[in-house]
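1. This is a predicted model, with the sequence first.
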Amino acid sequence: VVFNLASWTEKQSLADWLANQLNTVYYVPKKIAQKWVSENKMLLLLDGLDEVRQESRKKCVEAIKQFRNDYGLTSFVVCCRIEEYTAINTKLSFEGAIELQPLTSKQINTYFDRFGKSITRLRQLLKKDKTLQELTETPLMLSIMVLAYKDVDTNKLPALKNINDQRKYLFNTYISRMFERTTRMSSSPFTKERTLHYLSWLARKMIQHNFITYQIEVMQPSWLEDDKQRRLYKWIVRLSGGLIIGLIFGLPSGGLSGGL
């Protein structure tokens, strides 16, 4: 079972957190979730140790080690980027480790060959731009690059020396291309500007509350920006509740009156 450690907090033991995640993410009933954890029913993949808040990573490693002492028969794997893991003072005591290597030039070219002449200009640009070359070494950035720069005149792309600036420009270009897709509904009520506005707000709130995977049920009134918005939310909920109750009890009497 895959769990993302970014939502772990110091207030919870790893066992309690696992049971809670089984319930909220995978909809496993609470009693069954607790049983699966306590009876070593799962093989765990704990992803994103590097996505845990920096000040909490050491505590998270300690919680994993404590869980291993308490539930030694449970097999699990922990994933983390090497740079962030090296910076943690406390280390995990596992039987082994596997480090994923950057994509090789041969692997990158094999992937590019799928797209033929549509990325010829991108290939030419990569020969000149070492910063962009570095971004191709990860599968995610490589696929985004193809989607963003496919059939694009690379002569119009700015020469950015800083990798963070290059990454930011790449993501912005990718987002623009996604809005230009022919499969996007032309009748969509949300403009590009509104969509980006709401997605940016959602991203900020998910970071603030330690959520990596979006689930609508985790959104709470506390996410609203100010007291005015929260009061408006309460008013809408009460109004909706009143209408529902009115419909439930009003329809039978209305039906009888009509019949009489």
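-> Sure thing, it's come through.
2. list the contacts for residue 146?
-> Contacts for residue 146 were tallied using Cβ atoms under 8 Å, 6 or more residues apart in numbering; they are 111-112, 115, 119, 122. In this view, the C-beta of every residue, glycine as well, is placed from N, C-alpha and C.
3. Helix, strand, or coil at residue 40?
-> coil (DSSP: H, G, I helix; E, B strand; the rest coil).
4. Please report how far it lies from residue 47.
-> Counting by Cβ to Cβ, to the nearest Å, the gap from residue 40 to residue 47 is 20 Å.
5. Compare these two (neighbour count), which wins?
-> For the pair residue 40 and residue 47, the greater number of neighbours falls to residue 47 (17 against 13), based on other Cβ atoms under 10 Å.
6. So, low pLDDT: which residues of this protein?
-> Across the chain, the stretches falling below the confidence threshold (pLDDT under 70) are 184-187, 246-260.
7. for it, what spans make up the strands?
-> Defined through DSSP state E, the strands belonging to the chain, from first to last, are 2-4, 43-47, 75-78.
8. most packed of the ones you listed?
-> Per-stretch averages of neighbours, counted by mean count of other Cβ atoms under 10 Å, single out strand 2-4 among the strands of the chain, with a mean of 18.
9. And that strand, what does it pack against?
-> Contact partners of strand 2-4 among helices and strands, from 3 or more Cβ pairs under 8 Å, 6 or more residues apart in numbering; DSSP states H and E: helix 14-26, strand 43-47.
10. any residues touching that strand, and which ones?
-> Strand 2-4 is contacted from outside by 18, 21, 25, 44-48, 51, 212-213, using Cβ under 8 Å, 6+ apart.
11. residues contacting the closest residue to residue 121 other than its chain neighbours?
-> Here the nearest residue to residue 121 in space, its sequence neighbours aside, is residue 154; by Cβ to Cβ, 6 or more residues apart in numbering that works out to 4.3 Å. Residues in contact with residue 154 (Cβ under 8 Å, 6+ apart) are 121-122, 124-125.
12. Narrow those residues to those that are buried.
-> The neighbour-count test (16 or more other Cβ atoms under 10 Å) marks 121-122, 125 as buried among the contacts of residue 154.
13. Can I get stretch 174-192 in PDB, CA atoms only?
-> These are the backbone C-alpha positions of stretch 174-192, laid out as PDB (Å, rounded to 0.1, in the frame of the first residue of the first chain):
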ATOM      1  CA  TYR A 174       3.500  23.600 -20.400                       C
ATOM      2  CA  ILE A 175       0.400  25.100 -18.600                       C
ATOM      3  CA  SER A 176      -0.300  27.400 -21.600                       C
ATOM      4  CA  ARG A 177      -0.100  24.400 -24.000                       C
ATOM      5  CA  MET A 178      -2.500  22.400 -21.800                       C
ATOM      6  CA  PHE A 179      -5.100  25.200 -22.100                       C
ATOM      7  CA  GLU A 180      -4.700  25.200 -25.900                       C
ATOM      8  CA  ARG A 181      -5.500  21.500 -26.200                       C
ATOM      9  CA  THR A 182      -8.300  20.700 -28.700                       C
ATOM     10  CA  THR A 183      -9.800  18.200 -26.200                       C
ATOM     11  CA  ARG A 184     -10.500  21.000 -23.700                       C
ATOM     12  CA  MET A 185     -14.200  21.900 -23.600                       C
ATOM     13  CA  SER A 186     -14.800  25.200 -25.400                       C
ATOM     14  CA  SER A 187     -17.800  25.700 -23.200                       C
ATOM     15  CA  SER A 188     -15.900  25.500 -19.900                       C
ATOM     16  CA  PRO A 189     -17.100  28.100 -17.500                       C
ATOM     17  CA  PHE A 190     -13.600  28.700 -16.100                       C
ATOM     18  CA  THR A 191     -11.200  30.900 -18.000                       C
ATOM     19  CA  LYS A 192      -7.400  30.300 -17.800                       C
END
